[in-house]
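Novice: Quick check, what structure comes out for this input:
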Amino acid sequence: MFVSKSPIFGRGRILKIEMLEHVRDFSKDMIKLHLHGYSNGILTGCRLLINDDYIIIQPGMIYFDEEIYILKENYTIPYVHTNETAILKVKFIGENSNKDFVSHGTQILIDSDIHIYEDEIELCRFKLKEGAKLRNNYVNFEDLITEYNTLNIIHTPFAAYRNSTLSPYVLNYFAKEAFQHKLSNPLDISFCMQCLKNEESMSKELILNYIAARLEIDYKDYSNEKLYKFLVEILHQIQSNKGNKRDRNYLSKKILVD
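Specialist: Just a heads-up that it's a prediction; the model follows:
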């Protein structure tokens with residue numbers, strides 16, 4: 001049965017181990033129930049900034065194998081020019097315990113190995129020419145995957161129910177660019193509103209259903225890269241059709257019959 005239970009702390013009362021255990025476990029149990037069924041990936045935050053020869057990872061939370069990993073302060077890591085694809089990864093290094101704590105640690109690294117192993121997730125990738133500077137000030141939605149000198153976050157997994165999903169920052173960028181045109185398709189308007197709603201992850205199922213309905217293709221489970229390419233295709237249609245806007249003289253051309 002459902003139950004609500006809270007320890008009573010007061011002057012003169014004996015502090016029992018069970019009371020402290022309840023305080024310890026309550027928040028953790030609540031979070032685990034809330035995230036039950038979620039995939040691995042970024043929960044919130046972890047935005048990336050560029051400062052000279054460094055990538056800055058802003059504070060955020062990552063969900064991995066039912067554990068929550070928290071970055072409380074900016075983390076700075078230098079990048080180098082390789083002319084080859086490099087990936088900024090978080091590597092999970094397992095459990096460590098002592099008399100007082102059990103902790104699960106990570107290692108943040110830039111790796112030339114483009115394979116993502118089971119104990120890793122990707123934060124971004126890039127291919128930097130010698131003498132160039134890395135950038136993340138994108139010109140437009142298609143610029144997100146420019147091959148050289150550009151921070152690519154398309155492959156970054158964000159935690160969501162059942163399956164990891166596209167970065168909310170990518171979806172937000174799509175919506176803002178789509179709304180520059182006068183949208184008339186209710187499907188586009190509804191989806192873009194969801195993209196702009198907040199910075200929380202959007203269900204991958206929702207994205208897949210939108211793409212399947214909008215492009216009239218079969219519903220399948222696609223990679224983040226493929227989802228992005230479909231969104232680029234949809235954006236091209238929106239741009240070329242100008243939102244399928246109605247003829248302004250439509251009403252004046254109607255013949256009314258009494």
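Novice: only C-alpha atoms for contact and neighbour calcs from this point on.
Specialist: Fine.
Novice: Can you show me the helices along the stretch 151-258 of the chain?
Specialist: 168-178, 186-197, 204-215, 224-241, 250-253 (DSSP state H, counting those that start in this stretch).
Novice: winner for burial among those helices?
Specialist: Counting by mean count of other CA atoms under 10 Å, helix 168-178 has the highest mean neighbour count of these, with a mean of 19.
Novice: Any chance you could list what contacts that helix?
Specialist: Identification of contacts with helix 168-178 by CA atoms under 8 Å, 6 or more residues apart in numbering yields 140-141, 153-154, 192-193, 195-196, 199-202, 231, 235, 238-239.
Novice: Out of these, which one has the lowest pLDDT?
Specialist: Of all the contacts of helix 168-178, residue 199 carries the smallest pLDDT score, 70.
Novice: Now for that residue, how many residues are close by?
Specialist: Using other CA atoms under 10 Å as the criterion, residue 199 is surrounded by 15 other residues.
Novice: give the contact list for it.
Specialist: Contacts of residue 199 (CA under 8 Å, 6+ apart): 44, 168-169.
Novice: pLDDT and distance to residue 158 added to these, as CSV?
Specialist: CSV is the format used below for those (pLDDT from 0 to 100; distance: CA to CA, whole Å):
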residue, pLDDT, distance to residue 158
44, 94, 8
168, 96, 8
169, 95, 11
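Novice: Just give me the closest of those to residue 209.
Specialist: Set against residue 209, the nearest of those by CA to CA is residue 168 (16.8 Å).
Novice: what's the spacing between the closest one and residue 157?
Specialist: 10 Å (CA to CA, to the nearest Å).
Novice: now could you export just the CA positions of stretch 9-22 as PDB?
Specialist: The C-alpha coordinates for stretch 9-22 follow below in PDB (Å, rounded to 0.1, in the frame of the first residue of the first chain):
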ATOM      1  CA  PHE A   9      13.300  15.100  15.300                       C
ATOM      2  CA  GLY A  10      12.900  17.000  18.500                       C
ATOM      3  CA  ARG A  11      14.600  18.100  21.700                       C
ATOM      4  CA  GLY A  12      15.100  15.200  24.100                       C
ATOM      5  CA  ARG A  13      14.500  12.500  21.500                       C
ATOM      6  CA  ILE A  14      17.000   9.800  20.800                       C
ATOM      7  CA  LEU A  15      18.500   9.900  17.300                       C
ATOM      8  CA  LYS A  16      18.100   6.500  15.800                       C
ATOM      9  CA  ILE A  17      20.000   4.900  12.900                       C
ATOM     10  CA  GLU A  18      16.700   4.100  11.200                       C
ATOM     11  CA  MET A  19      15.700   7.800  11.200                       C
ATOM     12  CA  LEU A  20      19.000   8.800   9.500                       C
ATOM     13  CA  GLU A  21      18.600   6.000   7.000                       C
ATOM     14  CA  HIS A  22      15.200   7.200   6.100                       C
END
